[in-house]
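# fold the following for me, if possible:
(one chain, ligands or ions: 1)
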Amino acid sequence: MSGGLDSVLAVRLLLDQHIEVFGINFIGGYCPRPLAGQSRAQKAAGQLGIELVELPIDQQFIDQIRAPRYGRGRNMNPCIDCHILMVKRAWNWGREHGARFVATGEVLGQRPMSQTKQGLMLVAKRSGTQGRLLRPLSARLLEPTVPEKQGLVDRGWLLDIQGRNRKRQFELARKYGITEYGTPAGGCLLTDKNFAQRLKEAFDHREQDVRTVELLRLGRHFRLESGARVIVGRNKEENDELLRLAPEDALVIDGSRLPGPVCLLIPGRDADRELAASLCVRYSDRKHEEKAKVEVGGEEIEAAPLSSEESARLMVH
Ligand code: SF4
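Okay, the predicted model is just below:
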């Protein structure tokens, strides 16, 4: 449950049949939590009055971006592979907690790749749900699933929505008084062109762990000659998040006394300390001074601001 309108309506249709529903939301990696406040899924679950379970985007999700079995969408998004894994994980969690089936907000024909009839059937087959994957919004256009055949869900109450036009979903939203919902796939960074470029560059440098993917959405990124990465926070929220997510091998460069950004040098090799410190000064309030002091790994060092040409050269776009 992303908190997008389709997932909210799918839950609503089941709640109307007095079925107990748990929302499963995937968090981390390319589905980040907002820097402040509640996620879309948390808000939606609150409105629906259901419990929300957050499962992590883990390494297996990241690995399949590099070599998706069923191809990618317009950017780096391997939607069919991703759906298969999400449904698989949701069903594993559900089975451990006594669930009888999994439901998604997928709509037949809404997206070119993952929501064609073939795409929906593939996800149903490869997710290991064995006929227990229900799409309440399009169910009447698809083969009856096990929960329908077993009478756990009344097929007559389910819908036959298809296509890209979302008129019927908006009508239902009005009917149910649903006001809080995001755009479809709005939370997925893989569909964002700039993020996808950064991710490709990271993969080219064999950086493919979940933490790196999480860091790619924050700050300005620089690639040093040595192959190390420097991330420069752009505001307080990003600085705090960089400190929270700093990997073990990172060196923290704290320019807060300049005032200036928090930067991460990854990996934190001594040979790159000065250059990273210069980048920190370059993006601080003292960028026009000859030298300024910054804290590198808890130790104070003096560094000259890096020239704008040099920082532009090292920047990852
Ligand atoms: S849009 Fe992103 S999160 Fe959604 S299925 Fe595609 S890759 Fe996965």
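# give me the phi and psi for the residue in the stretch 201-317 of the chain that the ligand sits nearest to.
Residue of the stretch 201-317 of the chain nearest the ligand, by Cβ to the nearest ligand atom: residue 213 (12.0 Å). The way it works is simple: take the backbone N, C-alpha and C, and place the C-beta from them, glycine included. Note on residue 213: its backbone torsions stand at phi -60, psi -40 [degrees, to the nearest 10].
# please apply the same query to the one 3 residues further on.
Summarising the backbone geometry of residue 216 under the convention degrees, to the nearest 10, its torsions are phi -60, psi -20.
# ok, the one 4 residues further on next?
With angles defined as degrees, to the nearest 10, residue 220 shows backbone torsions of phi -90, psi 140.
# residues near the residue of the stretch 201-317 of the chain closest to the ligand, how many?
26 (other Cβ atoms under 10 Å).
# so it versus residue 78, what's the distance?
Using Cβ to Cβ, to the nearest Å, residue 213 is found at 13 Å from residue 78.
# with residue 121 instead?
For residue 121, the distance to residue 78 - Cβ to Cβ - is 18 Å.
# kindly report the same for residue 156.
As judged by Cβ to Cβ, residue 156 and residue 78 stand 36 Å apart.
# neighbour count: these two, which is higher?
For residue 156 and residue 78, the more surrounded residue by other Cβ under 10 Å is residue 78, and the numbers stand at 23 against 7.
# phi first, then psi, for the more buried one.
Per degrees, to the nearest 10, the backbone of residue 78 is at phi -90, psi 70.
# circling back to that earlier point, and the residue lying closest to the residue of the stretch 201-317 of the chain closest to the ligand once chain neighbours are set aside, how many neighbours does it have?
Distances taken as Cβ to Cβ, 6 or more residues apart in numbering place residue 29 nearest to residue 213, at 4.9 Å, with adjacent residues excluded. Residue 29 has 23 neighbours, counted by other Cβ under 10 Å.
# now do the contacts for residue 29.
56, 57, 58, 61, 62, 210, 213, 214 (Cβ atoms under 8 Å, 6 or more residues apart in numbering).
# quick check: residues of the chain near the ligand?
Proximity of the chain to the ligand, by Cβ under 6 Å from any ligand atom, involves residues 31, 77, 78, 79, 82, 83, 185, 188, 190, 191.
# the contacts of residue 29 in strands, which ones?
residue 56 (DSSP state E).
# just checking, the residue of the stretch 201-317 of the chain closest to the ligand touches residue 30?
Yes: applying Cβ atoms under 8 Å, one finds residue 213 in contact with residue 30, separated by 6.0 Å.
# find the residues that touch each one of those two.
Counting by Cβ under 8 Å, 6+ apart, the residues touching both residue 213 and residue 30 are residue 62.
# so, low pLDDT: which residues of the protein?
182-186 (pLDDT under 70).
# okay, now the domains of it?
Domains of the chain are assigned by automatic domain parsing as 5-189, 218-314.
# distance to residue 201 added to these, as TSV?
TSV is the format used below for the domains of the chain (distance: least, Cβ to Cβ, whole Å):
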stretch	distance to residue 201
domain 5-189	11
domain 218-314	7
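# pretty sure residue 131 contacts residue 146?
Yes: the pair residue 131 / residue 146 is scored as a contact, 4.2 Å apart, by Cβ under 8 Å.
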